[in-house]
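>>> Structure for the following, please:
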Amino acid sequence: MTRKFNCSKALFAIFMMLWSISVYAINTKIGIVNTDKILRESAPAVIAQLKIEQEFFPRDEQIKKMAAQAKELQAQLEKKSATMSEADRREMERVLASLSREFQRAKRQLREDLSVRQNEEFGIILEHTNEVIKNIAETEKYDLILQLQDSVYRSERIDITEQVLNALKGRVGQSAKPK
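Numbers count the residues shown, from 1 in each chain. Predicted coordinates for the structure are as follows:
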């Protein structure tokens, strides 16, 4: 009899625990944010991308000129190599090799500098985004807001990305304020 009573108590305790978890889960408000979309489509991200493109445009043009010079020099070498002296051909090959190395170095340096610059801008945008998300969470009483990753399924009801994008529109041109 006591064994039956203990089983009943255990079942009752399990039932109460599951019921309390379900009641708590009903009251939990969860949101999802697609930060990749924010870094692509938000007004601050678009402005930052344009700013970076303008900043790196002169260097990109210089690299394109170097590529054109190397291509022209290569064409001259192929065209005239049969009629050139050995010393002139070697000199032209040396100049071409030097220009090619300089081109590769400049291209690599541009990629590295561009990456650093994009990371700086995206860091600022993410800082603003986190502030906006925190404000939304506090005003709308969210318990949890997650960053969208490769989820199998999510309801559009919990996706607050558009709300964050709209809030970021109002922050265009504002810089990060020291706290």
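>>> Hmm, residue 32 and residue 144 touching each other?
No. Applying Cβ atoms under 8 Å, one finds residue 144 not in contact with residue 32, separated by 9.6 Å. C-beta here means a position set from N, CA and C on the backbone, and glycine is covered the same way.
>>> who's more crowded, these two?
residue 32 (19 against 11; other Cβ atoms under 10 Å).
>>> what secondary structure does the more buried one sit in?
Secondary structure state of residue 32, per DSSP: H, G, I helix; E, B strand; the rest coil, is strand.
>>> just checking, it touches residue 160?
Yes. If you go by Cβ under 8 Å, residue 32 and residue 160 touch, sitting 6.9 Å apart.
>>> Quick check: neighbours shared by those two?
Each of residue 145 lies in contact with both residue 32 and residue 160 under the rule Cβ atoms under 8 Å, 6 or more residues apart in numbering.
>>> Going by neighbour count, which residues in the one helix or strand residue 76 maps to are buried?
Under DSSP states H and E, the secondary-structure element containing residue 76 is helix 43-80. The neighbour-count check on helix 43-80 (16 or more other Cβ atoms under 10 Å) flags 43-45, 48, 56, 63, 66, 70, 73, 77 as buried.
>>> Could you pull out the buried residues of stretch 142-157?
Those buried within stretch 142-157 under the rule 16+ other Cβ under 10 Å are 142, 145.
>>> who touches that stretch?
So stretch 142-157 is contacted by 28-36, 133, 136-137, 159-161 (Cβ under 8 Å, 6+ apart).
>>> Recalculate using a threshold of 7 Å.
28-35, 133, 137 (Cβ atoms under 7 Å, 6 or more residues apart in numbering).
>>> measure it end to end?
For stretch 142-157, the first-to-last residue distance is 13 Å (Cα to Cα, to the nearest Å).
>>> quick one: average pLDDT of that stretch?
Mean per-residue pLDDT for stretch 142-157: 79.
>>> who touches residue 165 in this structure?
38, 41-42.
>>> sorry, back to before: and the least confident of the buried residues of helix 43-80?
Minimum confidence in the buried residues of helix 43-80 sits at residue 77, scoring 87.
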